[in-house]
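In: I would like the atomic coordinates for the input below:
(one chain, ligands or ions: 3)
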Amino acid sequence: VSATGRAPADVLIDGETIAAVLTPGSTLLGTDLAASVDTVIDATGKYVIPGGIDAHTHMQLPFGGTAASDTFETGTRAAAWGGTTTIVDFAVQRTGERIEDGLAHWHELAAGQCAVDYGFHQIVGGVDEQSLRALPKLVDEGITSFKLFMAYPGVFYSDDAQVLKAMQSSAATGMLTMMHAENGPVIDVLAEQLVARGKTDPYFHGVARAWQAEEEATHRAIMLANLTGAPLYVVHVSAKQAVQQLAWARDNGQNVFGETCPQYLYLSLEEQLGASSEQWGAFEGAKWVCSTPLRSRAEGHQHHMWQALRTNDLQMVSTDHCPFCMTDQKELGRGDFRAIPNGIGSIEHRMDLMYQGVVTGEISLERWVELTSTTPARMFGMYGRKGVIQPGADGDIVVYDPAGHTSIGYGKTHHMNMDHSAWEGFEIDGHVDTVLSRGKVIVDDGQYLGSKGDGRFVRRGLSQYLI
Ligand code: DUC
Ligand code: ZN
Ligand code: ZN
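Out: Ligands and ions are numbered 1, 2, ... in the order given. All right, here's what the predicted structure looks like:
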């Protein structure tokens, strides 16, 4: 199955790369293929797809005095289990740190640790003369996109003047501007007022991060991109009004793109409000504290996200994988939701959760591949090598069984380094059977066969969506 169609075929892999895609039973230069290869994987009755690409992950992200609980080792292994063979993680420049130093640190964290291939985007934590000088040099190092935050004043935040300057650089270099589009100063005031009124439960995180703050920031990002000519990619879109802004800008011919995440397709603010457990009481809702937040189902955001994936108003699904344990991490925000580290871990479940959208008729099989692999490859300058099964491409392949089943159980039933999952109780009518990374079988039949360090750094080119 590719982004454009499906057909019965044999895939011949030679070493790390795909050598040929052939109709079943065909011969290559007169030789019987099955007789001349050393390994045959029988995928009869199953889907053979290009390995998933999760273009938005945060291994070990420092946040609120703690750090995301997956290391590059544990997080990429969980990715492999779930049929994702490439990740693009966010290298962090902390405010006050030089971009070069932040990036070098990120390379140290990942090198020799990963189960699957990995690239980096650069988080710009402070737009100043020094970082503006550093940005264009990243292109030669295969880092062709950077992320700015209109949220989190005092931490990652860029004000409008900083956004404008970074976007000018984006326009000049062709680097893609990735935007966390939420009006942080407004959110912080609302959050402070809620806490002052005793509204401290996790649910109020989503109340403070109102959709208006997302719509407004999305519009502002679009207009600043319009003014500067920067290509813009808005991350983790969750509000239907933000999608409408993106659709409007695209209809006006602007080169803007939007990504959503499984949590905004399946989970809601109402469910977060209703969550309660013996162990945590209403603090159970902390499992679903992420930013942008879960949105109201009554307002129809989830339905609208699926629709936007069909109409191409949104182009991609990534996870924003940013796991924190309840014990010792999320727990920091008991009594004040502002101190709950923001993030959900989904890297292992993305391909399954999106496949469930095929089962329920939300998206087609081809669109599943496009949203989770082919478009991420093109968006972030990896297509040809990644995101497609064709001669010359890396042998990154998933054999997916539509007759299989995946239950996401309670507690630690997955491979992510978390003491829970935001997806507890989800049932998927499909299963990741076999995963190959550059020709090597790393997951097969419920066994992990890869090793730490299998994954290599991917030097990316400029976005293949640049005009
Ligand atoms: N959102 C999250 O949920 N976690 C980390 C950063 C972000 O923007
Ligand atoms: Zn973000
Ligand atoms: Zn993120």
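
In: residue 192 - that's part of a helix, no?
Out: Yes. If the criterion is DSSP: H, G, I helix; E, B strand; the rest coil, then residue 192 is within a helix.

In: helix, strand, or coil at the residue nearest to it when sequence neighbours are not counted?
Out: In this structure, residue 192 finds its nearest non-sequential neighbour in residue 338, 8.0 Å apart by CB to CB, 6 or more residues apart in numbering. Backbone N, C-alpha and C define where each C-beta goes, glycine included. Here residue 338 is recorded as helix under three-state DSSP.

In: quick one: residue 338 and residue 196 touch, right?
Out: No. Using CB atoms under 8 Å, residue 338 makes no contact with residue 196, being 11.4 Å away.

In: higher neighbour count, those two?
Out: Taking other CB atoms under 10 Å, residue 338 and residue 196 do not tie; residue 338 has more neighbours (18 against 9).

In: and the stretch 301-450 of the chain, which residues reach ligand 1?
Out: Residues of the stretch 301-450 of the chain lying close to ligand 1 by CB under 6 Å from any ligand atom are 320, 322, 342-343.

In: do the same with the stretch 1-150 of the chain
Out: 58, 61, 63.

In: and with 8 Å instead?
Out: The interface of the stretch 1-150 of the chain toward ligand 1, taken as CB under 8 Å from any ligand atom, is made up of 58, 61, 63, 68, 149.

In: mind listing the residues bridging to the last one?
Out: Each beta-bridge partner of residue 149 is listed here, defined by DSSP bridges: residue 157, residue 180.

In: quick one, what contacts it?
Out: When the contact criterion is CB atoms under 8 Å, 6 or more residues apart in numbering, the partners of residue 149 are 123, 155-158, 180, 184.

In: how far away is it from residue 58?
Out: Here the criterion is CB to CB, to the nearest Å. By it, residue 149 lies 13 Å from residue 58.

In: now residue 236: which helix or strand?
Out: Assigned by DSSP states H and E, residue 236 belongs to no helix or strand.

In: show me the helices in the stretch 251-400 of the chain, by range?
Out: Using DSSP state H, counting those that start in this stretch, the helices assigned to the stretch 251-400 of the chain run over residues 262-266, 269-274, 301-311, 350-359, 365-369, 375-379.

In: what do you get for the stretch 51-200 of the chain?
Out: Ranges of helices in the stretch 51-200 of the chain, per DSSP H, counting those that start in this stretch, are 72-81, 99-110, 129-138, 160-173, 184-196.

In: deepest of the ones you listed, which one?
Out: Each of the helices of the stretch 51-200 of the chain was scored by mean neighbour count; the highest is helix 72-81, a mean of 27, by mean count of other CB atoms under 10 Å.

In: who touches that one?
Out: Residues contacting helix 72-81 (CB under 8 Å, 6+ apart): 52, 54, 57, 59-60, 70, 85, 87, 89, 109-110, 113-116, 118, 321, 323, 347-348, 414-417, 432, 435, 437, 442-443, 448, 450, 452, 455.

In: can you tell which of the helices of the stretch 51-200 of the chain is closest to residue 268?
Out: Between residue 268 and these, the tightest spacing by CB to CB is seen for helix 184-196, at 19.2 Å.

In: low-confidence ranges, this structure, go.
Out: Residue ranges of the chain with pLDDT under 70: 25, 28-31.

In: can you tell me which residues contact the residue nearest the centre of the chain?
Out: With distances taken as CA atoms, centre = their mean, the residue of the chain nearest its centroid is residue 318 (2.6 Å). Contact analysis of residue 318 by CB under 8 Å, 6+ apart lists 54-57, 235-236, 259, 261, 350, 376.

In: neighbour count added to the residues you listed, as CSV?
Out: Below are those laid out as CSV (neighbours: other CB atoms under 10 Å):
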residue, neighbour count
54, 31
55, 26
56, 26
57, 28
235, 23
236, 25
259, 24
261, 27
350, 25
376, 28
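
In: hmm, stretch 249-269 in reach of ligand 1?
Out: No. Stretch 249-269 stays clear of ligand 1 (CB under 8 Å from any ligand atom), getting no nearer than 9.1 Å.

In: export that stretch to PDB, keeping only CA atoms.
Out: What follows is stretch 249-269, C-alpha atoms only, in PDB (Å, rounded to 0.1, in the frame of the first residue of the first chain):
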ATOM      1  CA  ALA A 249      -4.600  30.700   4.300                       C
ATOM      2  CA  ARG A 250      -4.100  27.800   2.000                       C
ATOM      3  CA  ASP A 251      -7.100  28.900  -0.100                       C
ATOM      4  CA  ASN A 252      -5.400  32.200  -0.500                       C
ATOM      5  CA  GLY A 253      -2.400  30.400  -1.900                       C
ATOM      6  CA  GLN A 254      -0.100  30.600   1.100                       C
ATOM      7  CA  ASN A 255       2.400  27.800   1.800                       C
ATOM      8  CA  VAL A 256       1.100  26.800   5.200                       C
ATOM      9  CA  PHE A 257       0.600  23.300   6.600                       C
ATOM     10  CA  GLY A 258      -0.900  21.800   9.700                       C
ATOM     11  CA  GLU A 259      -0.400  18.700  11.800                       C
ATOM     12  CA  THR A 260      -2.700  17.100  14.300                       C
ATOM     13  CA  CYS A 261      -2.100  14.200  16.800                       C
ATOM     14  CA  PRO A 262      -4.000  11.100  17.700                       C
ATOM     15  CA  GLN A 263      -5.100  12.700  21.100                       C
ATOM     16  CA  TYR A 264      -7.000  15.500  19.200                       C
ATOM     17  CA  LEU A 265      -8.800  12.900  17.100                       C
ATOM     18  CA  TYR A 266      -9.900  10.500  19.900                       C
ATOM     19  CA  LEU A 267      -9.800  12.200  23.300                       C
ATOM     20  CA  SER A 268     -11.800  15.100  24.700                       C
ATOM     21  CA  LEU A 269     -11.900  17.700  27.500                       C
END
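
In: use 53 as the first number for this chain going forward.
Out: Got it, the first residue is 53 from now on, which makes the last one we talked about stretch 301-321.

In: give me the residue from the stretch 403-519 of the chain nearest ligand 1.
Out: residue 474 (11.0 Å; CB to the nearest ligand atom).

In: ok, back up a step: how much space between the residue nearest to residue 244 and residue 204?
Out: Distance from residue 390 to residue 204, by CB to CB: 11 Å.

In: top helix in the protein by residue count?
Out: Scanning the chain for the longest helix, with DSSP state H as the assignment, gives helix 263-280.
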